[in-house]
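Sequence plus predicted model, see below.
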Amino acid sequence: MDAQVGDRIVVESERVGQPDREGEILEVIPASYGTRYRVRWDDGRETTIRPSAGSSRIVHRPAGAPTPT
């Protein structure tokens, strides 16, 4: 997964009928065991996650869009 600050992340729900979680990537944290992301979710909470393969997707920020501060 190749994400940058300002991109959106969508994490699929693990339960039928429960909506996916969406948020903005605030920080990319590289590590030898896998990249983690600090995310501000649409409900206002912030967490650090390391998504597993197939559980999430990245929606890249459009080219030329301002980087969030």
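Happy to help now that I have it.

In which helix or strand does the most centrally placed residue in the chain reside?
The C-alpha lying nearest the average C-alpha coordinate of the chain belongs to Ile9 (CA atoms, centre = their mean; 3.2 Å). Under the criterion of DSSP states H and E, Ile9 resides in strand 8-11.

Okay, buried residues for that strand please.
Using 16 or more other CB atoms under 10 Å as the burial criterion, the residues of strand 8-11 that qualify are 8-9, 11. Quick note: C-beta positions are derived from backbone N, CA and C, even for glycine.

nearest to Ile58, of those?
Minimum distance to Ile58 across those is 5.8 Å, recorded for Ile9 (CB to CB).

Return the per-residue confidence for that closest one.
If you check Ile9, the pLDDT there is 92.

Look up how far Tyr37 lies from it.
Distance check for Ile9 against Tyr37: by CB to CB, to the nearest Å, it reads 6 Å.

Quick check: neighbours shared by these two?
When CB atoms under 8 Å, 6 or more residues apart in numbering defines a contact, the residues bordering Ile9 and Tyr37 alike are 3, 25, 49, 51.

Ile9 is in contact with the last one, correct?
Yes. Taking CB atoms under 8 Å as the definition, Pro51 is a contact partner of Ile9 at 7.3 Å.

which residues do these two both contact?
Tyr37.

Neighbours of the closest residue to Thr47 other than its chain neighbours, how many?
Nearest residue to Thr47 in three dimensions, chain neighbours excluded: Val39, at 6.0 Å (CB to CB, 6 or more residues apart in numbering). The burial metric for Val39, expressed as a neighbour count using other CB atoms under 10 Å, is 24.

Can you pull the phi/psi pair for Val39?
When quoted as degrees, to the nearest 10, the phi and psi of Val39 stand at phi -120, psi 140.

Now do it against Arg8, distance only.
For Val39, the distance to Arg8 under the criterion CB to CB works out to 9 Å.

In the chain, where is pLDDT below threshold?
Within the chain, the stretches with pLDDT under 70 are 1, 63-69.
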